[in-house]
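Student: need a structure here:
(3 chains)
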Amino acid sequence: MVQLSAKDQLILDALTSGCVRTCARLISRIERGEPGLVELLRALYMAGGSEKIIGITGPPGAGKSSLVAKVIGVLRRRGNRVAVLAVDPSSPFTGGAILGDRLRMIGHATDPEVFIRSMASRGRLGGLAKKAGDVLTVLSAMPWDFIIVETVGTGQSETEIMHYAAVVVLVQTPMAGDDVQAAKAGINEISDIYVVNKSDHPDADRFRRQLEAMVGLGLRLEGDRLWRPPVVKTQSLVGEGVDELVDQIGQRFRTLAESPELSRQRFRHRLRHRVVEIVREMLERDIQSGNGMLPDSRLEPVLAREKDPYELAREFLSGGT
Amino acid sequence: MKRETDYGYEIKSVYTPEDIAGVDYGRDLGDPGVYPFTRGYYPEGYRSRMWTRRMTAGLGSSEDTNKVLKRYYRMGQRGGLCVISDRVFSDCIDPDHPLGRKEAGVLGWPGCSFLEFEEMMDDIPLTGHSITLLGSCAPTTLRLAYVVALAEKRGDEIGLIHGSVMESPFENYFGQTDVQPFDLNLKLFLDAAEYVLRNNIRMRACIISQHFQESGGNNAQAIAVELSMLKEIIGLLVNERGLEFDTAAKLPYELFSIGSRFFEEVAKMRALRRMWARLAKEEFGAKDDKSCHLLLSVHTSGRTMTYQQPLNNIVRCAIQTLAGVIGGCSALDNATLDNAHAEPSALAARMSLNTQHIVACETGAADVVDPLAGSYFVETLTNRIEEEAYKIYGKIQEFGGMIKALEAGYIQKMLTDEAIKKFQEIENGERLVVGVNHLVLPPGEDFEIPIQEVRGEDSEKIAHRMQEWKKTRNLPHLTEKIVQLYRDARKGDRFNLMPSIIDAVKSYATAGEVMGTIRMARGLSYDPFHIIECPFALDGEASAHAAA
Amino acid sequence: MQVSERIKVIISMIGLDGHTMGAEVVARLLRDAGIEVVYLGVNQTPEMIVQAAMHEDVEAIGISSHASNYNQVVELVELLEKNDLKHVKVFCGGNIPKHKVVELKDKGIAEVFPPGSSGKKIVETFLNGTRGGKWSN
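Tutor: So this is what the prediction gives:
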């Protein structure tokens, strides 16, 4: 049982009753790396319920943000409350960033039942932001019906989304004319649903057929052989195909709910990753915070090659001095 | 301080015959009126046809704009009138739209219905001078429809009207943003273009580099982008709409932004004339010499008009006007000395028109054609900018043309990078601007100028009037025309919508109604801002269609 | 001009104004100074900007106004206050006549940048105006 301070209890209550303002402020505190948030995050995990994170990934220019905007529209029409986490890259030189995803979601800019938060990746590769895991813990404790995560879209293999999202949607366009684009992206196996966006393109059908052929080759978990990832054609500009996409997302959530062992298996996989991530973050904070976990004096022997860094690491992990 | 052109060519201290040793007079220059038209299109220059001296108008209500146009005439505006639309009309919503209410008539003329056009043109003839209506691509079709409808109503012969009411879809990327998607803008533009060309209406289209350059692009990029836009649009008219090149070539005109780097600006105009002539002849196989003419208008540069010490802008404006005239423009309008502060005041407008008349009457610059030809420096600059522009043009063609280069983000990146470079050159003192980073006055000592007030309450008045007036229209008739437009708009991109837009405009359909209907037919929302709903029962029409 | 911790701001246009270059240049300057910029682009209403400010928990909002729609900037400031977001500073840049500059400052706009303002000054004002200048150096 997590013991919370009175102040944290207030925050927890506000979040579980859906207070957007509290959510926004807490995300900032997480992003700033404020110490002392672990207890609150623990309580938030315990408050979280069913899986509802949809990951949307794909190469740059695939129209992810526009598609997300349309997906929000459909979900809203069906009475769902939606949170969106949109990640953009930070400048490796200055740490600054221009976060431009929100501007494509203009249609939902005043809807009180939609929460949109932009995050800078802050040096994290893999398509997500450094603190995405903690932020998703916050959002998951709130009464959103769905949480959408839109990845950076650097064109690199952004497989990280599979460690966070229950359902992964890969968006591609026939534009680049790359027959191999899908294969190259390396995320063929992780995707639950494929989208061919900009379906008015003359190559759209050919591309979809290629994808469908390729999907059959994908590796799936034991017990998930019945799910053949569908390929949905959309035109995010006018919203064509988006209803079908949302139907397929819903269908995927249902198949997972109907196969509890499969769900648990997928969940375990995400948790395993998440725990490693938390360990890494905790260690990093301890080591990097400069408050003496690894003072210069302990580095000296390694510097002088009297000791190797592996041994020092082992000592550190075992809590030895 | 940098001693290089704005596109980065380092200028030498002196130029000699050696610098132009490779120039072949007949091949590269030719007499005025002779291919490749580097020296201009008319053997007699301004003696045979004076340039159109005009000011851009448009502020407040249509009646206000009408008064300003008449005042400009009294101030010496000759040859044509030019009106810019407000943001509401440019976006094709109506003044009574929640977003329109705040900005109707604020930055231009609120021309959202044929009624507004009739009021603006009250007591002003459609013929005998050029009619230029500016403001975004999508309303191109409406502006053209207004002219056609008014000519018909007044009994003017349409063939006698000339001017320009069309704007290319590319402006959307150069700081003249409107909300319509590119494919819709392109379709509407081609519809309007095809309509005027097939019906022998002497209306031209801005396919212009002005906004690109005013947003920060350099001279060489501006020419490259201009040529690429021309190639793309003319290519579409020829290949997709089946027009002869010599017909399509009657359509475009260029509006150059002319800055203070005098010799470079003159060189730029000469270079573009030559480059277009070669494109027309060599690539498009022009049969008529006239197809090698690209009408060149000039807008003296608004971005060079400083906020600080605004009277300095009179001097800048004079230098730029002289450059435009010596470069051989066919029309000229000026940014005003108060450009960085507000819309033009009466005083500022008068100063700008006077500047043109002083250049026309007092300097002698209009007496001789292409007076700088043969200057070692200017001929070198002409060759240099041509060379640099061809490089960029080549890159754009490698992408597959202007539209592909935009889709790839190449043009946008080039423009933003250049804008930032220009900003930093001033920031770092590499380029000096008097009053901004050189000879700066403390804020308290700066001179004052009269400011044209913008009255927010005007917008509400315009909105209210439209709201009430809408109800007084013949609604069954209007609905019939709107439904027809909707049906036609579902017939695909090649089906020309101009006739049904003209019909709708004649029955006083508004900009918001016409564009909303077309948007619905294309699967878009009626309101580009997702605030208001379609007031017509088109959905029934849509499902009837689906059932059929 | 590095900051030791992230500052997050909004850069936006307001109303129907379509002249984006000023906003784009400022967004880049701020990014290059290590600031995280939520870029909202064109056609924003005060209501939309306020919701964005709340969701994104920003410290400042920069509005580029080429087009005489500075009255909407005043509306924005009022709406921020109504939504308990008074701590979010509003900066405004663009073609704004001098007497309007005074008026805007009276109405709670933290700073106005007319054309010709230096980039260094804009960046410094954003840095100093957020977190009480604590993190600027």
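
Student: Pretty sure B:P169 sits against B:P181.
Tutor: No: here B:P169 does not reach B:P181: they are 9.5 Å apart, not a contact under Cβ atoms under 8 Å. Placement of C-beta: from N, CA and C, glycine included.

Student: who has more neighbours, those two?
Tutor: Neighbour count, other Cβ atoms under 10 Å in any protein chain shown: between B:P169 and B:P181, B:P169 has more, with 28 against 18.

Student: For chain A, see how far away that one is.
Tutor: Distance, B:P169 to chain A, by Cβ to the nearest Cβ, to the nearest Å: 15 Å.

Student: How about residues contacting the lengthiest helix in chain B?
Tutor: When chain B is parsed with DSSP state H, its longest helix is helix B:376-399. Identification of contacts with helix B:376-399 by Cβ atoms under 8 Å, 6 or more residues apart in numbering or on different chains yields B:5, B:7, B:9, B:15-17, B:19-20, B:22-23, B:28-29, B:38, B:219-221, B:223-225, B:227-228, B:231, B:263-264, B:266-268, B:270-271, B:274-275, B:372-373, B:402, B:405, B:408, B:410-411, B:414.

Student: need the contact list for B:S507.
Tutor: B:473-474, B:477-478, B:480-481.

Student: Check it and give its pLDDT.
Tutor: According to the prediction, B:S507 has pLDDT 98.

Student: So the residue sitting nearest the centre point of chain C, which state does it fall into?
Tutor: Ranked by distance to the mean C-alpha position of chain C (Cα atoms, centre = their mean), the top residue is C:G62 at 1.2 Å. Counting by DSSP: H, G, I helix; E, B strand; the rest coil, the backbone at C:G62 sits in strand.

Student: One more: B:F256?
Tutor: strand.

Student: what's the neighbour count on B:E407?
Tutor: For B:E407, the count of nearby residues is 14 (other Cβ under 10 Å).

Student: cool, the one 4 residues further on as well?
Tutor: In terms of burial, B:I411 registers 26 neighbours under the definition other Cβ under 10 Å.

Student: Read off the pLDDT value for it.
Tutor: You'll see B:I411 listed with a pLDDT of 96.

Student: What residues does chain C have near chain B?
Tutor: Counting by Cβ under 8 Å from any Cβ of the partner chain, chain C comes close to chain B at C:15-21, C:24-25, C:28, C:42-43, C:45, C:67-69, C:71-72, C:95-99, C:114-116, C:118-120.

Student: Which among those residues count as buried?
Tutor: Neighbour counting by 16 or more other Cβ atoms under 10 Å in any protein chain shown classes C:15-21, C:24-25, C:28, C:42-43, C:45, C:67-69, C:71-72, C:95-98, C:114-116, C:119 among the residues of chain C next to chain B as buried.

Student: Which residues are in contact with B:L353?
Tutor: B:53, B:55, B:72, B:75-77, B:334.

Student: in what helix or strand does it lie?
Tutor: helix B:346-362 (DSSP states H and E).

Student: buried ones in that helix?
Tutor: Those would be B:348-353, B:355-356, B:359-360, for helix B:346-362 by 16+ other Cβ under 10 Å.

Student: and the residue in chain A that chain B sits nearest to, what does it touch?
Tutor: Taking Cβ to the nearest Cβ, chain B has its nearest neighbour within chain A at A:V238, 4.1 Å off. A:V238 makes contact with B:522-524 under the criterion Cβ under 8 Å, 6+ apart.

Student: one more time with 6 Å, if that's ok
Tutor: B:523-524 (Cβ atoms under 6 Å, 6 or more residues apart in numbering or on different chains).

Student: go on, A:T22?
Tutor: Counting by Cβ under 6 Å, 6+ apart, the residues that A:T22 touches are A:11, A:14-15.

Student: Give me the contact list for stretch B:333-347.
Tutor: Here stretch B:333-347 makes contact (Cβ under 6 Å, 6+ apart) with B:54-56, B:59, B:82, B:299-300, B:302, B:305, B:307, B:310, B:313-314, B:317, B:348, B:351-352, B:449-452, C:95, C:97, C:115.

Student: end-to-end on it?
Tutor: Using Cα to Cα, to the nearest Å, the end-to-end distance of stretch B:333-347 comes out at 15 Å.

Student: Now do that stretch, average pLDDT.
Tutor: Stretch B:333-347 comes out with an average pLDDT of 92.

Student: picking that back up, can I get the contacts of B:L353 in CSV including neighbour count?
Tutor: Output for the contacts of B:L353, formatted as CSV (neighbours: other Cβ atoms under 10 Å in any protein chain shown):
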residue, neighbour count
B:R53, 24
B:M55, 24
B:Y72, 22
B:M75, 18
B:G76, 15
B:Q77, 23
B:N334, 32
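
Student: wait, which of those is closest to B:S215?
Tutor: Proximity of the contacts of B:L353 to B:S215 (Cβ to Cβ) peaks at B:N334, which lies at 18.8 Å.
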